[in-house]
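Student: Okay, predicted coordinates and the sequence, questions at the end:
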Amino acid sequence: MTAYQDFIDDSYIEGLIRAKQPEPAELKEILAKAKLKRGLCPEDTARLCNLQSPDLLNELFETARSIKKDIYGNRIVFFAPLYVNNFCENNCSYCAFRESNTLVARHSLSDCELVEEVKLIQKQGHKRIILVFGESPLSPAQVISETVRKVYEIKTYNEVGTEIGSIRRININAAPLDVEDYRIVKSAGIGTFQVFQETYHKETYKKVHPKNTRKGDYHRRLFSLHTAQEGGIDDVGIGALFGLYDWRFEVVSLICHARSLEEHFGVGPHTISFPRIEPAFNTAFVNHMPFKVSDDDFKKIIAIIRLAVPYTGLILTCRETAEVRNEVIKLGVSQIDAGSRIGIGGYTEAAKRQRSADKEQFRLGDDRSLNEVIDGLLAEEYIPSFCTACYRLGRTGEHFMEQAKPGFIKSFCEPNAMLTFYEYLLDYAPAETVRKGEELINRLLPGLEERIVETTRQRLAELKNGRRDLYL
Ligand code: SAM
Ligand code: SF4
């Protein structure tokens, strides 16, 4: 494993975030840079973190909305999380799965249970999942890769025998691996590998991750996605758990992390996640959180990250309530989950109208079904996407970024959103959603780049005639 230089200079970042609010002229300059869509440096990012006055904040939000619209259009990509086990030998103070939490019910999905969970996810209409693992001898690279292979093989068919349910992209959220183990996981055909640093602030990191645990090693985690790149995983996802330390420190650090990956591998993170700490079963930590992030600050976090790394996917989960989600999607989020269950066996329990809080990692804020979330998005003219084309055509890592920048998202992602959403309408949606969805597709279709309108129209017709899995 290569030795990397620590890219988090705590005292430098502390200095940056203690600066005063930028003057209007300075803000204009930063926003003008952001509009060029080449990203922002940590120094400019820190200045934005100190904006307070409502007028200036409105300018920030307006810029974030317009960058989001320019790059991503009105498309939102869907995924579902699948928790494979909740055995963990770490002791993160904020997490219900920590080893010392003896009240939590531990379980690892059997093969039959895995099939049942995946089929229920497919039945909702999902095509993309993230498999989540604790850190334990039960989740070595071999188990992760075998689970991935098994999930790809699970299919569901309609009454005329057409394959309508399959998982087409599997991402992973698990503990850091070493280079060889990343290779093993990569060989199973994964999309993104996520590791969240939780907090980039070293003192805080030490407090919440005991030293005698594997996660207690700050630098192992800090460089874990550099190591993933060495192991051939070119789509990596970074993240911070907001509420552990000053959110401004974490935002600037995320940008430093993105830059370090870009410097070393020519490509930054594929995605950034910004979960806020949620109440968790038998976990007192959440009752005294001096750095708890308010909804107003959460909006700032998303808008600032959107400006600082315009082409990186931003992931928002069901930890947040429907109201918060509806609002921050406009500011820059590109991927969301829906219909999620985060207990081990949670989809099966939900199907039986049960819920065991003692198997869940934390509490969810948005428990609407996938279709309810889609109905809400359609009302705002968003087009839901189940697209997995880039990863399947090898448009990942550096190749993805090269193509993403000159308007690629518009020419591929928008038609593919329409095609995969249409599949959803044909196979899973209730009549009223079908009506609204078809209306939206018909309205948006002529607005695609001229050279792809006809091809997209033809593919939509082929889907209607029973073909599946078509993309550009
Ligand atoms: N065990 C692996 C790890 O910690 O990297 C991956 C799985 S862990 C279940 C996934 C993420 O959940 C963690 O990285 C952390 O950011 C988040 N998490 C843990 N406790 C949480 C809580 N109480 N509220 C919200 N998110 C939480
Ligand atoms: Fe384990 Fe991850 Fe929870 Fe920490 S956050 S206790 S590593 S599952």
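Tutor: That came through fine. Ligands and ions are numbered 1, 2, ... in the order given.
Student: Now do the strands in the stretch 351-472 of the chain.
Tutor: Taking DSSP state E, counting those that start in this stretch as the test, the strands found in the stretch 351-472 of the chain are 383-385.
Student: Likewise for the chain?
Tutor: Secondary structure of the chain (DSSP state E): strands located at 75-83, 128-132, 155-157, 163-166, 169-173, 193-194, 236-239, 271-273, 313-316, 335-337, 383-385.
Student: Can you say which of the ones you listed is nearest to Q122?
Tutor: Set against Q122 and scored by Cβ to Cβ, those come closest in strand 163-166, at 3.3 Å. Heads up, the C-betas are built off the backbone N, CA and C, glycines and all.
Student: And the closest one, how far out from the chain middle?
Tutor: 23 Å (Cα atoms, centre = their mean, to the nearest Å).
Student: and this protein, which of its residues are near ligand 2?
Tutor: For the chain, the residues in contact with ligand 2 (Cβ under 6 Å from any ligand atom) are C88, N90, C92, C95, F97, R98, G134, E135, K215.
Student: now the end-to-end length of stretch 133-141.
Tutor: Using Cα to Cα, to the nearest Å, the end-to-end distance of stretch 133-141 comes out at 11 Å.
Student: hmm, it touching ligand 1?
Tutor: Yes. Under the criterion of Cβ under 6 Å from any ligand atom, ligand 1 is reached by stretch 133-141 at G134, E135.
Student: Figure out how far that stretch is from the centre of its chain.
Tutor: Worked out by Cα atoms, centre = their mean, stretch 133-141 lies 21 Å from the chain centre.
Student: same deal with stretch 215-224?
Tutor: Centroid separation between stretch 215-224 and its chain, computed with Cα atoms, centre = their mean, is 21 Å.
Student: returning to that earlier point: could I get the residues of the chain next to ligand 2 as a markdown table with neighbour count and pLDDT?
Tutor: Formatted as a markdown table, the residues of the chain next to ligand 2 follow (neighbours: other Cβ atoms under 10 Å; pLDDT from 0 to 100):
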| residue | neighbour count | pLDDT |
| --- | --- | --- |
| C88 | 26 | 96 |
| N90 | 19 | 97 |
| C92 | 23 | 97 |
| C95 | 25 | 95 |
| F97 | 27 | 94 |
| R98 | 25 | 97 |
| G134 | 24 | 92 |
| E135 | 19 | 94 |
| K215 | 23 | 97 |
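Student: Tell me the one of these nearest ligand 1?
Tutor: The shortest approach to ligand 1 among the residues of the chain next to ligand 2 belongs to C95, at 3.6 Å (Cβ to the nearest ligand atom).
Student: Next up, the contacts around Q335.
Tutor: Q335 makes contact with I76, V77, F78, F79, T271, G313, L314, I315, L316, according to Cβ atoms under 8 Å, 6 or more residues apart in numbering.
Student: right, and the last one touches V328 too?
Tutor: Put plainly, it is L316. Yes. Counting by Cβ atoms under 8 Å, L316 does reach V328; the two are 6.3 Å apart.
Student: so what's in contact with these two at the same time?
Tutor: Common contacts of L316 and V328 (Cβ under 8 Å, 6+ apart): I302.
Student: how close does P24 sit to ligand 1?
Tutor: 36 Å (Cβ to the nearest ligand atom, to the nearest Å).
Student: Just confirm that residue contacts L57, I think it does.
Tutor: No. Counting by Cβ under 8 Å, P24 stays clear of L57, with 12.0 Å between them.
Student: circling back: distance to E163 and pLDDT for the contacts of Q335 - can I get that in JSON lines?
Tutor: Output for the contacts of Q335, formatted as JSON lines (distance: Cβ to Cβ, whole Å; pLDDT from 0 to 100):
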{"residue": "I76", "distance to E163": "25", "pLDDT": "96"}
{"residue": "V77", "distance to E163": "21", "pLDDT": "96"}
{"residue": "F78", "distance to E163": "19", "pLDDT": "98"}
{"residue": "F79", "distance to E163": "20", "pLDDT": "98"}
{"residue": "T271", "distance to E163": "28", "pLDDT": "96"}
{"residue": "G313", "distance to E163": "27", "pLDDT": "94"}
{"residue": "L314", "distance to E163": "31", "pLDDT": "97"}
{"residue": "I315", "distance to E163": "28", "pLDDT": "97"}
{"residue": "L316", "distance to E163": "30", "pLDDT": "97"}
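Student: Name the nearest of the residues you listed relative to ligand 1.
Tutor: Distances from ligand 1 to these, taken by Cβ to the nearest ligand atom, are shortest for I315, at 11.6 Å.
Student: got a list of what the closest one touches?
Tutor: Contacts here follow Cβ under 8 Å, 6+ apart; on that basis I315 touches G237, G239, T271, I272, S273, F274, V333, S334, Q335, I336.
Student: That one and I71: what is the separation?
Tutor: Separation of I315 from I71 (Cβ to Cβ, to the nearest Å) stands at 16 Å.
Student: confidence score at the residue of the stretch 351-472 of the chain found nearest ligand 1?
Tutor: Closest approach between the stretch 351-472 of the chain and ligand 1, counting by Cβ to the nearest ligand atom: F362, at 3.7 Å. With respect to pLDDT, F362 has a value of 76.
Student: What is the burial count for it?
Tutor: 20 (other Cβ atoms under 10 Å).
Student: Let me know whether it touches E320 as I believe.
Tutor: No. Look at F362 against E320 with Cβ under 8 Å: they stay out of range, at 11.8 Å.
Student: Which residue lies nearest the spatial centre of this protein?
Tutor: The C-alpha lying nearest the average C-alpha coordinate of the chain belongs to I315 (Cα atoms, centre = their mean; 3.2 Å).
Student: For it, give the beta-bridge partners.
Tutor: Beta-bridge partners for I315, by DSSP bridges, are S273, Q335.
Student: That one and V148, how far apart?
Tutor: Distance from I315 to V148, by Cβ to Cβ: 19 Å.
Student: next one: R169
Tutor: Distance from R169 to V148, counting by Cβ to Cβ: 10 Å.
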